[in-house]
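> Here is the input, now give the coordinates:
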Amino acid sequence: MTTGYGARSMTSPLRRVLVRPPQPADSERWREYGWRAAPDLAAAAAEHEALREILASAGAEVIVAEGERGNPDAIYAYDPVLVGERGAVLLRPGKEGRLGEPGALAADLARAGVPVAARIEAPGTIDGGDTLWLDRDTLLVGRGYRTNASGVEQLQAAFPELDGLSYDLPHWNGRAEVMHLMSLISPLDDDLALVYPRLAPVRLLELLAERGIETVEVPDEEFESMGPNVLALGPRLALALDGNDRTRRRMEAAGVEVLVYKGDEISRKGDGGPTCLTRPVLRG
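Reported below is the predicted structural model:
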């Protein structure tokens with residue numbers, strides 16, 4: 001790569017990654033944003049610092065963003081932006097309280113040397129958690145309550161050279177409880193993915209089989225504790241939320257090295273796993 005950005009992969013070695021640490025003003029609005037409980041500020045800061053240390057130890061340059069102030073969801077940096085070879089696509093989250101996040105990250109991206117290549121405009125909505133690179137030429141998008149048809153069309157227009165495939169997501173518990181595509185699948189290598197098949201779209205499972213991608217199944221009891229939400233730091237090197245032990249053992253049995261982080265404050269209370277907390281800027 002001749003630039004410091006470009007991440008059209010979910011599993012190539014992570015070289016640069018953007019994160020947004022928790023800020024003191026965020027916790028005041030935890031109820032408004034639907035968090036399960038108020039985060040402990042000191043504990044949340046310590047958890048996020050430990051997460052950044054793991055990312056850096058794995059070889060990634062960690063870009064610490066300021067993002068939008070007073071928004072507890074802003075720590076989930078995966079959702080507001082997508083980064084390709086031409087730069088960042090500022091998305092338009094489907095949760096009203098998060099609409100300011102993409103614009104707030106623009107300054108952080110500029111400081112990191114990442115230009116803005118495109119923006120999703122109203123009436124389109126799209127959450128980063130509904131986007132997934134199956135390979136460099138295939139972008140998968142989940143169509144649900146946070147990502148609408150206009151958002152999918154605009155994203156496909158931003159990457160006209162790619163195969164863009166969209167999938168309807170299950171209703172699950174309705175609009176109030178987020179269900180992303182990446183709630184159901186996390187790639188672990190070019191030929192391996194972690195999947196919760198009971199809710200995964202049939203056409204997605206068929207595509208994985210057609211592409212020769214084997215799957216590791218998340219057990220039922222670890223689905224709601226974010227068992228399927230795993231960040232690949234490189235091929236068969238994964239970062240997972242501590243506590244989903246059966247899922248971890250299944251990944252290890254498939255030849256995956258699994259690192260874990262503590263996320264009682266930054267993950268469990270806000271329902272965002274390691275993928276949610278990170279926005280890959282450069283892989284390869």
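> give the contact list for residue 178.
For residue 178, the contacting residues are 95, 127, 129, 145, 146, 271, by Cβ atoms under 8 Å, 6 or more residues apart in numbering. No exception for glycine: its C-beta is placed from N, CA and C like everyone else's.
> Nearest to residue 283, out of those residues: which one, please.
Of all those, residue 129 has the smallest distance to residue 283: 17.7 Å, by Cβ to Cβ.
> If you tally nearby residues, what's the number for the closest one?
As a burial measure, residue 129 scores 27 neighbours (other Cβ atoms under 10 Å).
> In three-state terms, how would it be classified?
Following DSSP: H, G, I helix; E, B strand; the rest coil, we place residue 129 in the helix state.
> nearest residue to it other than its sequence neighbours?
residue 180 (3.4 Å; Cβ to Cβ, 6 or more residues apart in numbering).
> Residue 266 too?
Leaving aside its chain neighbours, residue 266 sits nearest to residue 47 (4.9 Å; criterion: Cβ to Cβ, 6+ apart).
> just checking, what packs against the helix or strand containing that neighbour?
Per DSSP states H and E, residue 47 falls inside helix 41-57. Using 3 or more Cβ pairs under 8 Å, 6 or more residues apart in numbering; DSSP states H and E as the contact test, the elements touching helix 41-57 are strand 14-19, strand 61-64, strand 257-261.
> for the stretch 51-200 of the chain, what spans make up the helices?
101-111, 149-158 (DSSP state H, counting those that start in this stretch).
> and those as JSON lines, adding mean neighbour count, distance to residue 176 and mean pLDDT?
Converted to JSON lines, these look like this (neighbours: other Cβ atoms under 10 Å; distance: least, Cβ to Cβ, whole Å; pLDDT from 0 to 100):
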{"stretch": "helix 101-111", "mean neighbour count": "18", "distance to residue 176": "19", "mean pLDDT": "97"}
{"stretch": "helix 149-158", "mean neighbour count": "18", "distance to residue 176": "20", "mean pLDDT": "97"}
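> Now render those helices as JSON lines, adding distance to residue 244.
JSON lines is the format used below for the helices of the stretch 51-200 of the chain (distance: least, Cβ to Cβ, whole Å):
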{"stretch": "helix 101-111", "distance to residue 244": "27"}
{"stretch": "helix 149-158", "distance to residue 244": "30"}
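> between these, which one is nearest to residue 29?
Checking the helices of the stretch 51-200 of the chain against residue 29 by Cβ to Cβ gives helix 101-111 as the closest, at 13.5 Å.
> what's the neighbour count on the nearest residue in space to residue 259 that is not next to it in sequence?
Nearest residue to residue 259, sequence neighbours excluded (Cβ to Cβ, 6+ apart): residue 239, at 5.0 Å. Counted by other Cβ under 10 Å, the residues lying close to residue 239 total 22.
> do residue 89 as well
23.
> Correct me if wrong: it contacts residue 156.
No: at 11.1 Å, residue 89 does not count as touching residue 156 under the criterion of Cβ atoms under 8 Å.
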